[in-house]
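[1] how would this look folded up:
(chains A and B)
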Amino acid sequence: MSSFPLSAPAAGILLLSHGALAKSMLASTELILGCTLERTVPLGFSKKENLSATRDRVARALQKLAGESSEVLIMCDTCGATASRLASELDTGGRPNVACVYGMNLPMLLEAVSLRNIMRLEELAEHLCIVGRKGVFWKPAGRGTKRALL
Amino acid sequence: MSNPLIVSRRQTVVVNEHGLHARPSAAIAAEAAKHNCTVTISNGSRDASALSISAMLMLEAHRGTMLALRSEGTGSEDALDAISAIIGGGFGEKHLEISGSGNNCGLAMGPAHMQPKSRNIPCYKIAKESAAAEKRRLSAAIRKVRAEFEKLGEGESSEAEIMPFRTLLLTILRDDHITRLPKEMISEELVNAEWAVSTSINQLVKQFEKNTDDLLRTRCDEYMQVMIRIVRALGKSPRRGKRLSTVRNKVVLADNLGPADVVELHRAGYRGFVTASGGINSHAAILAKGLGIPALVGIGDDILQRIVENDYLIIDSDNSLLLVNPERAKRMQYQNRVKTKTRSRCLRSTHGGTRALTRDGERITLMANIDFPDEIPHALEVGAEGIGLFRTEYLYLDRSDDPDEDEQYQHYRKVLTMMGNLPVTFRTMDLGYDKVSRKLSMSGSPLGLRALRYCLSKPYIFKRQLRALLRSSVHGNMQIMLPMVSAVHELEQVLALLAEAHRELGPNAPEMPPLGAMIEIPGSVFIMRGMDKHLNFYSIGTNDLIQYTLALDRSDANISHLADVCHPGVLALIGSIVKQAVELGKPVTMCGEAATDLRIARLFASMGLRSLSMIASRIPAVREGLHETSLIKISKQAGKVMSARTTGEVCSVLGAMRIN
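    Below is the predicted model:
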């Protein structure tokens, strides 16, 4: 992992989700980090919206983020969702440079926020996929020393 | 570009309560991003890039984990300095738990007071003409410090603890390195007194440190402390008294403390202390223990930096922990621990017993029921304040003859002597029924010729016991108690026999010990007022009372399980006994199994019962239970218990009773 700071401003992050997930993820991340995040936009979609409305919202958010940096990372809660499909259909003409990551969890978002200052977009996207998976594991529980209330 | 040959390493311990969680990881990542070098953090075999929050989270570093930091490239030292400071300082989180070495002296809690640092020693040149004056200044300071040391331990109850340290410190003050060498340095090098004395002592300390002898090395501490005092005495520091008054009820934090400091702070009323350096064998920690002051030493400089004046501290010197600004739940936990300890400490009476004290400050005497003198040591161990029931009949059992007066006398004397001046209540022989002597022919019925009735039918044997009791009474604090009194005329007959026995002992017969009656027959409850003028105290024999009230033969296995103290009839009778005893102004003790039942003990204590006697092993539990009890609260609920109509109802009301 290269560790020199980028000369360009850090990538913007666009979060796309069903319902309130994106907003909540962002809120939780800000809670952990203890500050509000710049250049990060959460969008949540409901079934009620029609396609063109959805497309408009995504485009507008991209445009806003493009004004602040030359790269945008889109993080979608799952692949195959309408919003994520629409996002991948957009043509930004290379400005901004966009990468889309499908599947979102909190470790990834924390990582994205801290590493966007340091990594290039494609490298970051690749790394997030690894982090997303490595951050998920299981262990048996219930054998600690504190009594559970029954 | 970074130079890959530069590698720096560091080790830090995670001190904050929740370990290396997301926020601290983010803080480290933010710091690491500022540097050009590559930083890796490891927990055992797991590595994480300091730039990756996720990887750091996966380290699962809890509080107390030792993390290894490694950095490659230029600026590694700075990067590691910054990052280890973040980790070692608890990530700026306010709740910290820090390990050190505790002196096993309990808990101390309170706001922190930071002792001013003694690091900056002024150093300057003086004029040749000023040398003499400077030397005088040093002498004056040394005299001042000597006076301070001489005052240590004066009029202190713990004087013995402090004396050896005091002697040591005064000896150090006479050392050449303090008295002579600095003065030479002042003349020759024309430096100020502070610098002269500190340099001189530092040189000496360096020599000590080279030595492998532990004793000499701990001496270093003392020399440093003396030097610091002299420097202080030389300087224009705020008046000692004023400084110390800010220490009251606080927990003191310092780089290091010497024995003299420990004593002075003790006088100023501090609660405990914490130091950055020092080991558990440091004199300060040992002295503190002798004075009963909790202390924690060796927590490290990093942490000391993070604590500020008035942070709330809890020293747990038994578990070697310091808590900084603990959360409310934890604080309550510790406060409860202190409350229980303080209460039990305060209750040690000068006679060696430990009284039970309820929440509302009522004292309940707890005594033991015993059969043999061998049980006495254990009873005393658990803090019995006397023997509420000594069953004398066991001397008669398992033998073909019966004990003569002298044998009984020796037996009773032994018991009294073992109990010192604690009261012993001897119950006259309660034989017949379940305790049958082979020689003395007796009936086995609970309602037959037993106890007092038996005694009155065989006055010769009874008087033998009475004489033995009276003779032995001079050896201790005796009371005599009569079992199964059922009628006033019965009592009057006993009194007549007692008077005869007394006369038979001749002109030097000892005074009559106090006389009491066991109220264990339902009928006797109603003649208490009739008997009262002959009696000094009452005892409630709950076992027999239940038996007679509910017509249950205790020895019959078929029905003995039906005996229940919670029967409304039984409770009513006990309640009446307590009430009458209180009205008659006579002490009343509950003997018997019911005394060990906290529900019953609390209930009747709230009605005025102040004395319980039970099997010794139950005394600690009952004492604890009574500590938790507010009798006022119980008395508000007592009416409900006493008016319950069935045993079941009594039990459920008792079960639902709030005790404090």
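
[2] how much space between B:Glu628 and B:Ala147?
    Per Cβ to Cβ, to the nearest Å, B:Glu628 is found 50 Å from B:Ala147. All C-beta spots, glycine's among them, are computed from the backbone N, C-alpha and C.

[3] buried ones in the helix or strand of chain A at the bottom of the mean pLDDT ranking?
    Ranking every helix and strand in chain A by mean pLDDT, DSSP states H and E puts helix A:82-89 at the bottom, with a mean of 80. Across helix A:82-89, burial judged by 16 or more other Cβ atoms under 10 Å in any protein chain shown covers A:83-84, A:86-87.

[4] for the longest helix belonging to chain A, name the packing helices and strands.
    Counting residues, the longest helix in chain A under DSSP state H turns out to be helix A:51-66. Contact here means 3 or more Cβ pairs under 8 Å, 6 or more residues apart in numbering or on different chains; DSSP states H and E; on that basis helix A:51-66 packs against strand A:12-18, strand A:40-45, strand A:71-76, helix A:82-89.

[5] buried residues of it, list them for me.
    Using 16+ other Cβ under 10 Å as the test for burial, helix A:51-66 gives A:54-55, A:57-58, A:61-62, A:65-66.

[6] after the lowest-mean-pLDDT helix or strand in chain B, next one along is what?
    For chain B, counting by mean pLDDT, DSSP H and E, helix B:240-245 ranks last in confidence among helices and strands (a mean of 51). Using DSSP states H and E, the helix or strand that directly follows helix B:240-245 along the chain is strand B:251-254.

[7] other SSEs contacting the helix or strand just after that following strand?
    As assigned by DSSP H and E, the chain's next helix or strand after strand B:251-254 is helix B:259-268. Counting contacts by 3+ Cβ pairs under 8 Å, 6+ apart, helix B:259-268 packs against helix B:131-151, helix B:159-173, helix B:214-234, helix B:240-245, helix B:283-291.

[8] for those, which one sits closest to chain A?
    Distance to chain A, taken as Cβ to the nearest Cβ, is lowest for helix B:283-291 among the helices and strands packed on helix B:259-268, at 29.7 Å.

[9] show me what the closest one is packed up against.
    helix B:159-173, helix B:214-234, helix B:259-268, strand B:272-275, strand B:295-297.

[10] mind putting the ones you listed into JSON lines with mean pLDDT and mean neighbour count?
    As requested, the helices and strands packed on helix B:283-291 are exported to JSON lines (pLDDT from 0 to 100; neighbours: other Cβ atoms under 10 Å in any protein chain shown):
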{"stretch": "helix B:159-173", "mean pLDDT": "80", "mean neighbour count": "16"}
{"stretch": "helix B:214-234", "mean pLDDT": "79", "mean neighbour count": "19"}
{"stretch": "helix B:259-268", "mean pLDDT": "78", "mean neighbour count": "22"}
{"stretch": "strand B:272-275", "mean pLDDT": "91", "mean neighbour count": "28"}
{"stretch": "strand B:295-297", "mean pLDDT": "89", "mean neighbour count": "29"}
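
[11] and those as TSV, adding distance to B:Ile201?
    Output for the helices and strands packed on helix B:283-291, formatted as TSV (distance: least, Cβ to Cβ, whole Å):
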stretch	distance to B:Ile201
helix B:159-173	9
helix B:214-234	4
helix B:259-268	15
strand B:272-275	19
strand B:295-297	21
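
[12] out of these, flag the one nearest A:Pro42.
    Shortest distance between A:Pro42 and the helices and strands packed on helix B:283-291, using Cβ to Cβ, is found for strand B:272-275: 46.1 Å.

[13] how about B:Asn369, what does it touch?
    Residues near B:Asn369 by Cβ atoms under 8 Å, 6 or more residues apart in numbering or on different chains: B:387-391, B:591, B:613-616.

[14] what subset of these is buried?
    B:387-391, B:591, B:613-614, B:616.

[15] and the next element down the chain from the least confident helix or strand of chain A?
    strand A:97-102.

[16] direction included, what does that following strand pair up with?
    Applying DSSP bridges, strand A:97-102 is found paired with strand A:71-76 (parallel).

[17] chain center to the partner strand: distance?
    6 Å (Cα atoms, centre = their mean, to the nearest Å).

[18] what does stretch A:130-145 give?
    Going by Cα atoms, centre = their mean, where stretch A:130-145 is centred and where its chain is centred differ by 22 Å.

[19] any idea of the mean pLDDT for that stretch?
    For stretch A:130-145, mean pLDDT is 82.

[20] and for stretch B:605-613?
    Averaged across stretch B:605-613, pLDDT comes to 95.

[21] stretch B:491-501 now?
    Here the average pLDDT along stretch B:491-501 is 94.

[22] if anything else comes up later, I'll come back, but that's it for now.
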